[in-house]
Every structure is written in structure tokens, then in C-alpha cells.
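1. Output the structure for:
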Amino acid sequence: MNNSRSIWNENPIIYNTIKRVFAFSIAIIFPFTHYCVLTKSPKSFGILKWIIYFHCCCVTFEWLNNAFLIDIMNFQPTVLIRVDGFLNSLVDPATLYFMNFSVENVACTSALILFTSRLFKIFNMYRSHCSWQRYFSEGLVYSAVAGIGLWTIPTTVWGLPNQYTEKLSIVSSGKFYPDCLWDSTVVVTSGSDSESENFVSILIILNSISIGIVIFASAKAAFHFLAKRMEAQNASVTTRRMHQKFNERTIFQATLYLSFMCIPFIMIYITLLLNVRIQGLAYFIDFAFENRPVACIISFFLYYDPYRNYLLEVVRYKSRRRVINSSTAVAITSS
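-> Here you go, the predicted model:
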């Protein structure tokens, strides 16, 4: 008699193999990005260079956690996760879950701070100097942005329940749960009662939606003010086109953040709130979470001209070497 209450493929060998192979194949892009930021950032970037590099370090560590060290598997739509990374036998899985959650939030906060710094760069584009009041106001904004990104970390610590008690509650409740429930690598992330689940779900959904609204609203507001200033300054058509291109890249950056962070979070907690399981959704959420750092790294080369130009130089140089080597081989063969 089969007493299983699992509704998941708990050992997706093909998916995990593809995921690991993909992670190994793109690993080179991270040290290459560090090199570009440190050596190819122009002096005009100023403090922005170090904000970019801080974000680069954050997403690199996040990628290592997601792909190899911790590697969280979500059993959507439940409050259960499993730690599948290389550290799961060395460190307490509940601690690893908290570490992974903290790293993700710090990386997302660094993305928000980088986005904010670019907006301030737009606001200050036609200012010869900034007063101390403006610097103080910008500091307050940065503090608020950091608070928006990091406030969920302490609530996660407070929300982690006693694992044994909650697992017993899940078994006795009659709901579906994975067969690996009693494995040491499985963690209950919050209270399994409906009130706790609903409270956490609503809180995270509202936070993700508010971040998305603030990102797009601030980007649109910044370029609205920039357009007004360009009109007052009688900017040339070339300058207007350049700023329009800058605007499109900023909106694209915001869209990447929403697509790989806010939307997966919302989908997880909406399914938890409504207790709905969508076939295959867990794989989409897992892929989006694990490759958000990759999307951030790619956006560097799409957004910043110095990094993109250097990447194109490297690609062209390798292409030229291949052509020269093939031509030499043909010449030697014919002779």
C-alpha cells in the first residue's frame, strides 16, 4: 500500500544535471565581470564604480550559493524547502536556509542601491555642484532603500519554527507533503498553520509589489525631470537620443529585476496563499531564482558601454585569431 502524500518529483535527475552543467559552463563570466569593473570603469564613474563592484561581489556570492553551496529546492505550494547544495552535510540546514535568504536579500538590496545611484546620477546631470542638504537627502533615500531590501531578514529569523514540532503538525494535518519530510536537509520555513502561512505570504507579496511599483515610478519620474531640464537647456537632438537610450536601458534593468526576483517571489507566495499547485511551476521558480545573478551580470554589459565595448573587443580578437589560424592551416596544407 502506497502511503505517499508527495505530489512532486523529489529527485529530478535530468533537471539537476542540466542545471549544474549550465552553471559550470557560464562560470567564467563572473571573474571576467570583476576584471571589467575593476580595470575598465572610466574615472567619470566615480563612486558608481564601487557601487557596481559591490553589487558584482554580491551577485557572485549569490550565484555560488544558489548553484553549488546551498541550492534550495522549493516544494511549492508548502512552507517546506530542501537544501541540496554541497554544504548540506556540513552546516545545519536551517542555518543554511537563513544564510541563503540573507545573501539573496543583500544582493537584491545592492541592486536597488545601484539602481538608485543611477537615478541620482540622472537627477544631478545638469547640476554643477550639490549642497550638503542634497547629500543628506540622498543618504536618507539610500537608507530607506536598504531598509526596504533588508527588513525581511530579521522577520525570517523570528519566523523559523521548531522543526520537529512543525513537521509533526504537517504530518497530522493531512495535507500533502514530500516523502523526504523527515530528512535532515528539509526545513520548515514558517508556521504551517493557515494564519502563519497567510500572514507571511501577504507580507512578502505586498513587499515585492511595492518594490516593483517604486522602481518603475522612480525611473519614469527621473526621466520626466531630465526631459524638462533638456528642454530648458535646449539640448540637441543627439543628446536627447542618448538620454532616451539611457532611459530604455534603465527600464530594461528594472524589468530584469522584476522578472528574476519580484515575480518568482510573488508566484511562490500566491500559490501558498491560495494553496494551488501548478505543474512545473517549481522548476520555473527555481531556475529564475538561481539565474537572477546571471541576469544581473549580463545587464552590466548591456547597460554600461565600457564593459560592453571591452567584451566586443575580446570576442573580435578571438574571432580574428580563429580566422588567422584557419588561414595558416589552409596555407600549410596547400603547400
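2. For the stretch 151-300 of the chain, which segments are assigned as helices?
-> Here the stretch 151-300 of the chain has its helices, by DSSP state H, counting those that start in this stretch, at 152-159, 163-173, 194-233, 237-257, 263-274, 281-290, 292-303.
3. now the third one and helix 237-257, what's the angle there?
-> Relative orientation of helix 194-233 and helix 237-257, computed by axes from the mean of the first three to the mean of the last three Cα atoms, to 10 degrees: 180 degrees.
4. so what does helix 194-233 touch, helix or strand wise?
-> Contact analysis of helix 194-233 by 3 or more Cβ pairs under 8 Å, 6 or more residues apart in numbering; DSSP states H and E lists helix 93-123, helix 132-150, helix 152-159, helix 237-257, helix 263-274 as its packing neighbours. Every residue, glycine included, has its C-beta placed from N, CA and C.
5. Tabulate the ones you listed in TSV, adding columns for mean neighbour count.
-> Formatted as TSV, the helices and strands packed on helix 194-233 follow (neighbours: other Cβ atoms under 10 Å):
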stretch	mean neighbour count
helix 93-123	20
helix 132-150	13
helix 152-159	14
helix 237-257	15
helix 263-274	19
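6. Including mean pLDDT and distance to Lys40, could the ones you listed go into CSV?
-> Converted to CSV, the helices and strands packed on helix 194-233 look like this (pLDDT from 0 to 100; distance: least, Cβ to Cβ, whole Å):
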stretch, mean pLDDT, distance to Lys40
helix 93-123, 87, 17
helix 132-150, 87, 26
helix 152-159, 83, 33
helix 237-257, 72, 18
helix 263-274, 80, 32
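7. Distance to Ser172 added to the ones you listed, as a markdown table?
-> A markdown table is the format used below for those (distance: least, Cβ to Cβ, whole Å):
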| stretch | distance to Ser172 |
| --- | --- |
| helix 93-123 | 21 |
| helix 132-150 | 36 |
| helix 152-159 | 21 |
| helix 237-257 | 40 |
| helix 263-274 | 19 |
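8. returning to that earlier point: can you list the helices of the stretch 151-300 of the chain in CSV and add distance to Thr78?
-> What follows is the helices of the stretch 151-300 of the chain, written out as CSV (distance: least, Cβ to Cβ, whole Å):
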stretch, distance to Thr78
helix 152-159, 15
helix 163-173, 8
helix 194-233, 9
helix 237-257, 27
helix 263-274, 7
helix 281-290, 10
helix 292-303, 22
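9. Tell me which of those lies nearest to Thr33.
-> Closest to Thr33 of the helices of the stretch 151-300 of the chain is helix 292-303 (Cβ to Cβ; 5.1 Å).
10. before we move on, back to that, Gln76: which of the helices of the stretch 151-300 of the chain is closest?
-> The nearest among the helices of the stretch 151-300 of the chain, by Cβ to Cβ, is helix 281-290 at 4.6 Å.
11. what's the closest one packed up against?
-> helix 13-25, strand 72-74, helix 263-274.
12. Please spell out which residues along stretch 299-306 are buried.
-> For stretch 299-306, burial by neighbour count (16 or more other Cβ atoms under 10 Å) applies to Ser299, Phe300, Phe301, Tyr303, Tyr304, Pro306.
13. Show me the contact partners of that stretch.
-> Identification of contacts with stretch 299-306 by Cβ atoms under 8 Å, 6 or more residues apart in numbering yields 33, 36-37, 40-42, 52, 56, 249-250, 252-253, 256, 307-308, 311.
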